[in-house]
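> please find the sequence and the predicted model below.
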Amino acid sequence: MKKRKVTRIVRGRKTVDGAGVHLRRILGEQTVVDFDPFLMLDGFDSTNPQDYIKGFPWHPHRGIETITYLVSGTMEHEDSLGNKGVIQSMGCQWMTAGSGILHKEMPQPSERMLGCQLWVNLPAAKKMVPPAYRDIAPDDIPVVMSDKATVRILSGSHRGIRGTLDNSYVQITYLDVTLPADASWKYNEARDDENLFLYLLEGSLFPEVRQQSAESKGCAILYSVPVPGEDTDEPVEVKAGPEGARFLLLSAPPLKEPIVWGGPIVMNSREELEEAFRELRNGTFIK
């Protein structure tokens, strides 16, 4: 194992998407090379329902997976396969768009809406797999106490405990980690060929315990493996600030494939993208 170093910190920007949802776009088209296979990450944190209740009406996706995780709040969702449901606080909805799906996501008024949506690229050979829709209930997510941390395992594994979902297309580790004030936490389970980053939901975090400056919520911290010759066994190590910290740890092997992005559709070539939009116009998008 090689020691990982912080090589990029992305703070994103405030924007409005859907029918008028105020959010912070952390990852997007400017970060796809460094964060491959993670395409987009939108974070939301509001106590004002007017920021989000207009939601995301019916819209298409192809070529990606979307993962919506709520720490706090409620979101109704429905898709063109006939699936519908409600994401509750501490729950997750994992959608494989594959060959094409239409869906809508409508946040409901809540005391606080806190969570994020992550887009993950699908490999070229799996772009047109049949769509799938999976809800992960809060009680289905394993919880592990680890070095003073509370770790919820949505996907992948931690300390020998498997997460709720084993994804067959991109092997993603998805952990929700909560640290008390001034606590440190170490992680050394990522393979050297994986891209790994932290997304800070709440509080503040020192990306390395020896680093003097703390990062505050709403940023993504990328850890990269150094060049050969600097190999060590030291893990990723972080320390919470005086108010504690809650963050997501995400890692997966990069696809290293061409990306052609057109709004909610991500393919490998311009021809594939144009075909997708032509099918949308012709009513043949859903397979």
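Sure, I can see it.
> any idea what the nearest residue to residue 194 once chain neighbours are set aside is bridged to?
In this structure, residue 194 finds its nearest non-sequential neighbour in residue 251, 4.5 Å apart by C-beta to C-beta, 6 or more residues apart in numbering. To be clear about C-beta, it is placed using only N, CA and C from the backbone, and glycine gets the same treatment. Beta-bridge partners for residue 251, by DSSP bridges, are residue 173, residue 196.
> measure residue 251 to residue 195 for me?
Separation of residue 251 from residue 195 (C-beta to C-beta, to the nearest Å) stands at 6 Å.
> more neighbours, the two?
For residue 251 versus residue 195, the count of surrounding residues by other C-beta atoms under 10 Å is larger for residue 251: 23 against 19.
> I'd assumed residue 188 was in contact with that one.
No: in terms of C-beta atoms under 8 Å, residue 251 does not count as a neighbour of residue 188; the distance is 11.7 Å.
> which neighbouring elements make contact with the helix or strand containing residue 7?
For residue 7, the element it lies in under DSSP states H and E is strand 5-10. Strand 5-10 sits against strand 220-224, with contacts defined as 3 or more C-beta pairs under 8 Å, 6 or more residues apart in numbering; DSSP states H and E.
> next, the buried residues of the strand it packs on.
220-223 (16 or more other C-beta atoms under 10 Å).
> contacting residues for the residue nearest to residue 194?
156, 172-173, 190, 194-197 (C-beta atoms under 8 Å, 6 or more residues apart in numbering).
> residue 118 now?
By C-beta under 8 Å, 6+ apart, the residues touching residue 118 are 38, 40-41, 66-67, 69, 250.
> count of neighbours near residue 162?
With other C-beta under 10 Å as criterion, residue 162 counts 12.
> setting aside sequence neighbours, what's the nearest residue to residue 181?
residue 244 (4.8 Å).
> again with residue 95
In space, residue 95 is closest to residue 66, 4.9 Å off (C-beta to C-beta, 6+ apart).
> which secondary structure elements does the helix or strand containing the one you found contact?
Assigned by DSSP H and E, residue 66 belongs to strand 64-72. On a contact count with 3+ C-beta pairs under 8 Å, 6+ apart, strand 64-72 meets strand 91-96, strand 113-121, strand 173-179.
> convert the C-alpha atoms of that strand to CSV, please.
C-alpha atoms of strand 64-72 as CSV (Å, rounded to 0.1, in the frame of the first residue of the first chain):
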residue,chain,number,x,y,z
ILE,A,64,-24.8,6.5,-15.5
GLU,A,65,-25.8,5.6,-12.0
THR,A,66,-27.3,8.1,-9.6
ILE,A,67,-27.1,7.7,-5.9
THR,A,68,-29.2,9.9,-3.7
TYR,A,69,-28.5,9.8,0.0
LEU,A,70,-30.4,11.8,2.7
VAL,A,71,-28.9,12.4,6.1
SER,A,72,-32.0,14.4,7.0
